[in-house]
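In: Sequence plus predicted model, see below.
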Amino acid sequence: MGKPSIFTVVRRRNPFLLWIGQLVSTLGDNFEYIALMALAYHLSGSTLVMGGVMVAYMVPNLIFSIFSSVMVDRWDRRMTMFLSDILRGVIILIPPILLLVGKIQVWHLYLYSVLFGSVTPFFNNANSALLPNLVRKEEYMAMNSLMQTSIQLAGILGLALGGAAVAFLGYANAYFFDSLTFFFSAVTIFLLKIARTERARPPEKFQISQFLKSWFRDFKEGVLFFKVERSLLWLLLIASMVNFAFGPISILLLPFVEGFLGQTVKEFGWIMSSVSLGTFLGAIFMGSLGIIRNRRSWILFAVGALAVMTMCLPVSRFYPLAMLLLFGIGFSLPMANIPIATVFQEKVPDNLRGRVFGVRGFLAQSLTPVSTALGGMVADLIGVRLTIFFCGVLALLVLIPSIFIPHLYGLNLQAKVEGRTE
């Protein structure tokens, strides 16, 4: 048997269906992202409001990540993903309908973000828990790279086309298109064929007291897993701090492009597309390496590269140079994300994946809403350029002590547990 690659994995039915569904869905998501950021900024003219809209998505996303992380180990993961996509396809119709009737206001964007953020973690946690069941263990790295390529390939096209669509066709069409992509993704997930032995436990009869008791027990078990695998705990702490450092970037790039580089929302789409192009090529590069032995070095190098290029971004007014730097930032992301995902998939046993991945997602992202809100506030006070620069400085300050943490060498070792401990 040859070395696993994204090309051998994608030939099989289940990986292909999941891949093509996420490719199309993410394409629509990038249309929606351009529309949401531009709509929030042009309605308010404030980075603080943009940050508020993003926080309105992040906070319920984090809260429901806690509950969904436990439930996806009990529910049918495939059906959870299917229903989540259907719900998101309906929710995403709120902004375009309000736009068409001329009633759109900023608070509507907050409401939309809350609803969308409440449903998304059910899909994400079920997807993370189900994905390793679709391939063999030696194919985890290739499958992770395949999913990264679907996200970034869609980003290359979606962000560039999304910027043009918003500029020439209006906000509503971007939202309508994204709604259709969620329904398409739901169909591909419904068509997955998963053996009954690979399914999660069947749903139990719902009782609120039993639910809370069992949820707390299971969530605690997910937290305690990090006490056993200390290397994952330190990795989680570093990821959380790095996410805090880069949290404001998502809301600062549009004001940076329009206010400092003198471009429009169409060029914003192109510059964001350069990030996705970099991440796409970075994912292919990482997938071509096969099994990576020294994951610690790759992760730390990637964080350093992200920090330095982010600090350089606001220095020049040259639009092509900004695109090149953002391409480099995108290329560096898979160098960290793919090894991290592979480490967790190898070290976390199947019956604990949902709750452990949920705890990981919650803690890794828990500080991001805070930094996003602070970033929007600070940018209104000291300017977008200086705020972006300090984001890079903060990431560099996280990296330096991380180099000397001995537990991170455990990222290259085998897992200490193989299943549930009663």
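Out: It's in. Predicted, not measured: the structure shown is a model, and the values here were computed from it.
In: ok, and the closest non-adjacent residue to Phe246?
Out: In space, and not counting its chain neighbours, Phe246 is closest to Cys391: 5.9 Å by Cβ to Cβ, 6 or more residues apart in numbering. Heads up, the C-betas are built off the backbone N, CA and C, glycines and all.
In: can you list contacts of the host helix or strand of that neighbour?
Out: Using DSSP states H and E, Cys391 falls within helix 384-402. The contact list for helix 384-402 (Cβ atoms under 8 Å, 6 or more residues apart in numbering) reads 47, 238, 241-242, 244-249, 252, 255-256, 259-260, 300, 303-304, 306-315, 375, 378-379, 408.
In: Give me the subset of these that lies in helices.
Out: Among the contacts of helix 384-402, DSSP state H puts 47, 238, 241-242, 244-246, 249, 252, 255, 300, 303-304, 306-312, 375, 378-379 in helices.
In: returning to that earlier point: what about the residue nearest to Phe246, how many residues close to it?
Out: Counted with other Cβ atoms under 10 Å, residues neighbouring Cys391 total 26.
In: now Phe404
Out: Number of residues near Phe404 (other Cβ under 10 Å) recorded here: 7.
In: Against Leu159, how distant is it?
Out: To Leu159, Phe404 is 38 Å away according to Cβ to Cβ, to the nearest Å.
In: Alpha carbons only: can I get stretch 12-19 in CSV?
Out: The C-alpha trace of stretch 12-19 is given here as CSV (Å, rounded to 0.1, in the frame of the first residue of the first chain):
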residue,chain,number,x,y,z
ARG,A,12,-13.7,6.9,-2.1
ARG,A,13,-17.4,7.7,-1.7
ASN,A,14,-17.7,9.0,1.9
PRO,A,15,-14.6,11.3,1.8
PHE,A,16,-15.6,12.6,-1.6
LEU,A,17,-19.2,13.4,-0.5
LEU,A,18,-18.0,15.2,2.6
TRP,A,19,-15.4,17.1,0.7
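In: quick revisit: could I have the ChimeraX command that selects the buried members from the contacts of helix 384-402?
Out: Listed next is the ChimeraX selection for buried residues among the contacts of helix 384-402, using 16 or more other Cβ atoms under 10 Å:
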select :47,238,241,242,244,245,246,247,248,249,252,255,256,260,300,303,304,306,307,308,309,310,311,312,313,314,375,378,379,408
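In: Show me the contact partners of stretch 301-309.
Out: Identification of contacts with stretch 301-309 by Cβ under 8 Å, 6+ apart yields 238, 242, 245-246, 325, 328-329, 332-333, 335-336, 392-393, 395-396, 398-399, 402.
In: Gly328 is in what secondary structure piece?
Out: Taking DSSP H and E as the criterion, Gly328 maps to helix 319-347.
In: So which elements touch the helix or strand following that helix?
Out: Once the chain leaves helix 319-347, the next helix or strand it forms, by DSSP H and E, is helix 353-365. Here helix 353-365 touches helix 47-71, helix 106-130, helix 208-228, helix 230-246, helix 319-347, going by 3 or more Cβ pairs under 8 Å, 6 or more residues apart in numbering; DSSP states H and E.
In: mind checking how far the fourth one is from the chain centre?
Out: When you say that, I think you mean helix 230-246. In terms of Cα atoms, centre = their mean, to the nearest Å, the centre of helix 230-246 is set 15 Å apart from its chain centre.
In: Need the residues that contact that helix.
Out: Among residues not part of helix 230-246, those counted as contacts by Cβ under 8 Å, 6+ apart are 225-227, 299, 303, 306-307, 310, 340, 343-344, 347, 360, 363-368, 370-371, 391-392, 394-395, 398, 402, 405, 407-411, 413.
In: Would you list the buried entries among those?
Out: Buried members of the contacts of helix 230-246, scored by 16+ other Cβ under 10 Å, are 225-226, 299, 303, 306-307, 310, 340, 343-344, 347, 360, 363-368, 371, 391-392, 394-395, 398, 402, 405, 408, 410-411.
In: distance of Ala245 from Asn125?
Out: Plainly put, Ala245 is 25 Å away from Asn125 if you go by Cβ to Cβ.
In: ok, Ser68 - contacts?
Out: Neighbours of Ser68 in contact, by Cβ under 8 Å, 6+ apart: Thr80, Pro121, Phe122, Asn125, Ala126, Gly358.
In: got a pLDDT number for it?
Out: Looking at Ser68, its pLDDT stands at 71.
In: now swap in Gln345 and tell me
Out: Confidence score, pLDDT, at Gln345: 78.
In: Secondary structure element holding the residue nearest to Phe183 when sequence neighbours are not counted?
Out: The shortest distance from Phe183 to any non-neighbouring residue, by Cβ to Cβ, 6+ apart, is to Gly89 (4.8 Å). Using DSSP H and E, Gly89 sits in helix 77-91.
In: So which other helices or strands are in contact with whatever helix or strand Ser274 lives in?
Out: Element membership for Ser274 (DSSP H and E) is helix 265-288. Here helix 265-288 touches helix 13-44, helix 140-169, helix 249-255, helix 319-347, going by 3+ Cβ pairs under 8 Å, 6+ apart.
In: quick one: buried residues of that helix?
Out: Applying a neighbour-count criterion of 16+ other Cβ under 10 Å, one finds 265-284, 286-287 buried in helix 265-288.
In: Could you list the low-pLDDT ranges of the stretch 51-200 of the chain?
Out: The stretch 51-200 of the chain contains residues with pLDDT under 70 at 69-74, 135, 137-139, 141, 148-149, 152, 195-200.
In: please redo it, this time with the cut-off set to 50
Out: 197-200 (pLDDT under 50).
In: On the pLDDT front, check the closest residue to Leu408 other than its chain neighbours for me.
Out: What sits nearest to Leu408 in space, not counting adjacent residues and going by Cβ to Cβ, 6+ apart, is Arg296, at 4.8 Å. With respect to pLDDT, Arg296 scores 82.
In: likewise the one 4 residues further on?
Out: Looking at Leu300, its pLDDT reads 89.
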